[in-house]
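**Student:** sequence and predicted structure are below.
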Amino acid sequence: MKELIKRFPFLKEFDFGGLSSVLTALAVAIPSLFDYFKEAHEYRWIALGLYFIFAFFAAVRQYALVQSPLPSRLYLGIQTIIVVSLLALPPHHQYVIILFFILSAEATTLQPNRNGYLWIFLFVFITTFALFLLEGSQAVLYSLPIYAGGYVFFGVFAASAARAEAARAESQTLLQDLREAHLKLQTYAAQAERLAVSEERNRLAREMHDTLGHRLTVAIVQLEGAERLVDEEPKRAQEMVATVKEQMRAALSELRSAVATLREPLQADLSLKSALKSLGENFQAATEIEVQMAFAHNIPELPNEYRVAIYRAAQESLTNVQRHAQAKHVRMSLMLIENEINLTLRDNGVGLPSNADKLGFGLRGIQERAAQLGGRMRLEANPEGGAQICLCLPIPSEENNNDA
C-alpha cells in the first residue's frame, strides 16, 4: 500500500472506508433489488431510492462531514432511518440488517468514546425488534448474539483504527515540527558562527588598532623628531631611532601573534600534540616568553571538537599571558588524569586581577566550549606565583570517537 500511495499520491487522501461501505451496501442491495424488480414489486422504486441514498451518503461521508455543517449525529440518524425503512418494506429482507455492521464501524469513528457505543446499543435494539417481528423469538435467541457481537467487533476495530490513524497523523505533525525546528537550529547555528567570526575579526581589528597602530604612530612621531635633531643633536636623534627600532620589533611580534590567531587551528593530518607544540614554539618566537611544554604519552585519539576546544583554549590562554600577565615563563601541559583530559597553562606573571571573576570574550568562549563537551574551565592563582588556567574534559565515549 505504501508503494502504491508513493506512486499515486492522490490515493493518500482517498476514503477507503467510504469505498468499503459502498461495496458492502451494493452487496446487500443487488440481491434485494433483483427480487424487487424480478417480481415488479410495487415498492421497487422506493427500495432503489433508499439503497441509492444510503450508498450516496456512505460515499460522500468524509467530505460531507468535513466540508459542510452536517453533524455526525444527523448522518448516523439518516442512515439508521434508511435501514429501518428497508427492513419495513415488504417483503422484509432480513439481510438488510447487515448494513448495521457498516454503521457500527462508522458510529465509533464519528462519535468517539461512549456515544459511539450508544449507537451500537440502538442498532442491537432495532435488530432485536426486527428479528422478533420477522422470524420470531427463536430467531432472536439464535441470531441476535451473532449480530450483536459483529456490531461490537466492527465498532471496536474501527475505533482502534481511527485512534491509530490519529496517532500516525500526530506523529507526522510532530516529525514535521521537529524537521522545521532542526532547520531553524541549523540556521541559528550558522548565524551564531557568522557572528562569532565577525566578533573575532572585530576583536583582532581592535587589537591591531590599539597595539600595532599605537606603536606605528609613536614610531612616526619619533622619526619626525629624529629627523629634526639629526644635525643639531645627533646623539639624541640616535636614541630616538633606537626607540623606534624597539617599537618596530614589538609591533612585528604583535603582528605575528595576530597572524597566528587567524590561521586554521588544526589540520586534519596534524596530531593535537604537534599542533600544541607548534603553537607554543611560534608563541615563544613571537613574544620571547619562554614556553615549557609537557604532554602525556597516553592521550587517546580525540574527536575534532575536543581537539579544537583544547587548541583554542591553549591559544587564548597564551594570548592572555602576552597581554596581561607580564610573564617571562609559561608552562603548558596536557595530561590524562583519571577519567579527564586536562590542559593546564601556568605563568609566573603578576597574577589574577581584582575583577578576574568577570570573564572576557575569549575566556567565556573556552568556558562555553568546555560546557558543550561536558567539561569545565578553572581560572585561579598559581601557587608558585602568577596565574593558571585549566581546561578539564571528560574522556569521550567510543560513540563520539566513531562519529569523529
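**Tutor:** Received, thanks. Residues are numbered from 1 along each chain as shown.

**Student:** R44: neighbour count?
**Tutor:** Taking other CB atoms under 10 Å as the neighbour definition, R44 ends up with a count of 17. (C-beta placed from N, C-alpha, C; glycine too.)

**Student:** give me the pLDDT for the residue nearest the centre of the chain.
**Tutor:** If you average the C-alpha coordinates of the chain and look for the closest C-alpha using CA atoms, centre = their mean, you land on H182, 3.8 Å from that point. The score at H182 is 87. That number is its pLDDT.

**Student:** strands of the protein, start to end?
**Tutor:** Taking DSSP state E to define them, one finds strands in the chain at 290-295, 329-337, 340-347, 376-381, 387-394.

**Student:** so which elements touch the fourth one?
**Tutor:** The criterion is 3 or more CB pairs under 8 Å, 6 or more residues apart in numbering; DSSP states H and E, and the helices and strands that strand 376-381 contacts are helix 361-372, strand 387-394.

**Student:** direction included, what does it pair up with?
**Tutor:** Using DSSP bridges, the strands paired with strand 376-381 are strand 387-394 (antiparallel).

**Student:** for the strand it pairs with, buried residues please.
**Tutor:** Applying a neighbour-count criterion of 16 or more other CB atoms under 10 Å, the buried positions in strand 387-394 are A387, Q388, I389, C390, L391, C392, L393.

**Student:** chain center to it, what's the gap?
**Tutor:** Centre-to-centre, strand 387-394 and its host chain are 31 Å apart (CA atoms, centre = their mean, to the nearest Å).

**Student:** picking that back up, from the buried residues of strand 387-394, which is closest to L23?
**Tutor:** The nearest member of the buried residues of strand 387-394 to L23, counting by CB to CB, is L393 at 66.2 Å.

**Student:** please name the nearest non-neighbouring residue to the closest one.
**Tutor:** Residue nearest to L393 in three dimensions, not counting chain neighbours: G375, with 3.8 Å by CB to CB, 6 or more residues apart in numbering.

**Student:** just T108 next, same as before
**Tutor:** Spatial nearest neighbour of T108, chain neighbours left out: G116 (3.5 Å); criterion: CB to CB, 6+ apart.

**Student:** next, the contact list for the one you found, please.
**Tutor:** Applying CB atoms under 8 Å, 6 or more residues apart in numbering, we find G116 in contact with A107, T108, T109, L110, G155, A159.

**Student:** same question, T127
**Tutor:** Contacts here follow CB under 8 Å, 6+ apart; on that basis T127 touches I97, F100, L144, Y147, A148, Y151.

**Student:** now V22
**Tutor:** V22 makes contact with A55, A58, A59, according to CB under 8 Å, 6+ apart.
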